[in-house]
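In: Everything below, folded, please.
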Amino acid sequence: MPQFANRMFKLGLSSLAVVTLLATGVSLGGCSNGRSGKTPPVAQQDLLPRPALYPALHGTIKSFAAVASANPVLVRGYGIVAGLPNTGSGEMPPEIRNMMMNRLLKNNIGFLSHGTAQYDPSKILRSRQIAAVFVEGVIPPLAMRGTTFDLKVIAMPNTQTTSLANGLLWTTPLRVHVGLNNMSRVLARGRGPVFCDPLHASASRLVKAGTILRTGRVMAGGIVSIKIPVILELYTPSYRISYLIQQIVNQRYGGNPPVAAAENDRIVQLRVPRRYQHNPAEFVDMVMHLYLEQNIPGFTQVQAKRLLKALSDPTAPFNQISMALAQLGRTVLPDIEPYYNSPDPRVAFYAARAGTIIGDEDAVTVLKKIVTEGHGPYLMDAVKTLEHSHDAVRASLAFQHLLQSPDPRTRLLGYKALLKIHSSEIYSQVVGAKFMLDILPSSGPTLIYATRTGYPRVAIIGRVPELIPGSLYVSQGNAITVNYPLPIVPKKVQAISSQKHLQSATLPVQLYYRDPLSHQMVQMSCDPELPDVITALAQAPNPFSPTYNPRAPYIAASYQRIVAMLFTLCNNKNIIATFMMQQKSPPSMALYASLNQPRPSGHTLGVYRHGNGWTATPTTQPNHGVSPFSSTLPGEKPGN
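Out: Down below sits the predicted model:
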């Protein structure tokens, strides 16, 4: 128990008495300078501004503290994109060249003792098959160790690099400050295939061949490499308030070690429980809507009625009211349940949302009805709530109804929801360590969906399509050819037997790949089903597999080339399906550029708070959020 808690009890104040004082409006502050030897003084400009809350939310943790570590963090670095078909350039500033040379040497490239003597680092950096790039990305709010995020790669200015398409970003350390003489601590590392969008923003046509592509994206290529705790910072420093926050949170969520730890009169550190590791924002949102007065007898029932009344106020923040209602616990369910049948659909939905978060089956039924109808103003919110409900079976059944909609956007919503709850209805396969192929069978029209951000995914929703005989696809630059020839049936054979006719109709699909550097041709064949075509093109053999055959042909097409092929096949009616590409997100790098700047007195928020002493400790979830592109290159040291 913290020392300031002992001091509080020495004064004869129990936790219930303190909460009673809070309820009656007696101030509990005034201890901020009592331990000036251990806690640095707080500059006035560093005090967080207290937000204007809806009256029914007064008394929640949200009214006493803010999440100080909820800021996105812009990280940057210099790296190398390799594997380019002579569209790169060995040109780079001397300082960057020295940096890249040292990085290759630290990874034991060019040493006989490590089996890499055949690779000359200086020759690598002079090649047109590499390009020096500037890498930047945004670590999302409340990120944990292992969280992935997208990276933007930009060819260095004043170089002759013409395209980064289909290249591979080598492992790059990412920091807040990347000045050549002033580098900060490594917060994340980036690596992976470079994706240059093959479609225009409208997704109506392909980008022309020969277009200058000096900017690309590494989808889910950034991986947070440090442990970032969740920090609550009090608006007004107070030992007693920070201790009460610790007590209320640990009472609700328990755990060993405890979930909340009050470090001083300003800071409460949260440990995200394991069941919320994949969605820490949900856990923090629940914590922030806990009331410090919840231990007072009769408080929860009185507050529940107050919150339910607030749902009828059109100016109320309904999501926050609903979450605060849910955090009162199961004892208020008898007060909430009558509102499920309210004639006001808004009141009925948000009451059912609160009940679903608590775990009430009747509330799940209300939300399931909204989802199965497939329309309405609360469809999206109902789907989002059911994604986090305790009843995954009923949620899955509701989401499957969305797959029957004639609207492709509604079918896509059902797929994303099923993916969120890890439904067994979706068959998923990692293809060539490049992207995920999801197959979701349904009776609705076929929809093919590809992502632009996050983990690279191709989804086939509906009936699995086949190539139509006579289909021919030739990629830009003639690198990939897909040919499904028409069956050749002699006239004499046509009338003999239908069995022979069927045999002649099932010709294999011919796949050809011409290497843009060596111009060598690889030829393969596969079945006409679309998943077989995708895997045959993108799959690459694993040299560490016991069944590895170095003579076996393979193409190993990139995710970018697969997306361009799928778009063209759908557009040319070579397969009966609708193609959809994830909408482009607005550029966010410049928006977040100022977030890492210190406040007037030198203090900063988030992972860069002065004097916090945070260290990169091993995670208890080594597989959480691990990118498929995070494995090191041959000869690389994981720490460099």
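In: so where is the protein shaky, pLDDT-wise?
Out: Across the chain, the ranges flagged by pLDDT under 70 are 1-49, 114, 180-182, 201-203, 489-506, 586-640.
In: Let me see the domain layout of it.
Out: Here the domain parsing of the chain from automatic domain parsing is 3-69+229-288, 73-228+589-608, 311-425, 467-543+551-581.
In: TSV please, covering the ones you listed and showing mean neighbour count and distance to Ala304.
Out: C-beta: built from backbone N, CA, C; applies to glycine. Converted to TSV, the domains of the chain look like this (neighbours: other Cβ atoms under 10 Å; distance: least, Cβ to Cβ, whole Å):
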stretch	mean neighbour count	distance to Ala304
domain 3-69+229-288	17	10
domain 73-228+589-608	18	28
domain 311-425	19	4
domain 467-543+551-581	16	43
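In: now these as a markdown table including distance to Thr446?
Out: Shown next, in a markdown table, are the domains of the chain (distance: least, Cβ to Cβ, whole Å):
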| stretch | distance to Thr446 |
| --- | --- |
| domain 3-69+229-288 | 30 |
| domain 73-228+589-608 | 17 |
| domain 311-425 | 10 |
| domain 467-543+551-581 | 4 |
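In: out of these, nearest to Ile461?
Out: For these, proximity to Ile461 was assessed by Cβ to Cβ; domain 311-425 is nearest, at 5.2 Å.
In: what's the first-to-last distance across that closest one?
Out: Between the opening and closing residues of domain 311-425 there is a gap of 36 Å (Cα to Cα, to the nearest Å).
In: ok now that domain, how far from the chain's centre?
Out: Domain 311-425 sits 23 Å away from the centroid of its parent chain (Cα atoms, centre = their mean, to the nearest Å).
In: my guess is Ser184 meets Leu174, correct?
Out: No - using Cβ atoms under 8 Å, Ser184 makes no contact with Leu174, being 10.2 Å away.
In: Identify the residues contacting the most centrally placed residue in the chain.
Out: Averaging the C-alpha coordinates of the chain gives a centre point, and the residue nearest to it by Cα atoms, centre = their mean is Gly454 (5.4 Å). For Gly454, the contact set (Cβ atoms under 8 Å, 6 or more residues apart in numbering) comprises 148, 150, 219-220.
In: doesn't it fall inside a strand?
Out: No - secondary structure of Gly454 (DSSP: H, G, I helix; E, B strand; the rest coil): coil, not part of a strand.
In: Tell me the spatial nearest neighbour of Val366, not counting adjacent residues.
Out: Using Cβ to Cβ, 6 or more residues apart in numbering and skipping residues adjacent in sequence, the residue nearest Val366 is Ala352, 3.8 Å away.
In: Are we agreed that the one you found is in a strand?
Out: No - counting by three-state DSSP, Ala352 falls outside a strand, being helix.
In: Start at 8, not 1
Out: Taking 8 as the first residue, the last one we looked at is Ala359.
In: Correct me if wrong: it contacts Leu374.
Out: Yes - proximity of Ala359 to Leu374 meets the contact threshold set by Cβ under 8 Å, at 5.5 Å.
In: Could you tell me how many residues sit around Lys316?
Out: Other residues near Lys316 number 13, with proximity taken as other Cβ atoms under 10 Å.
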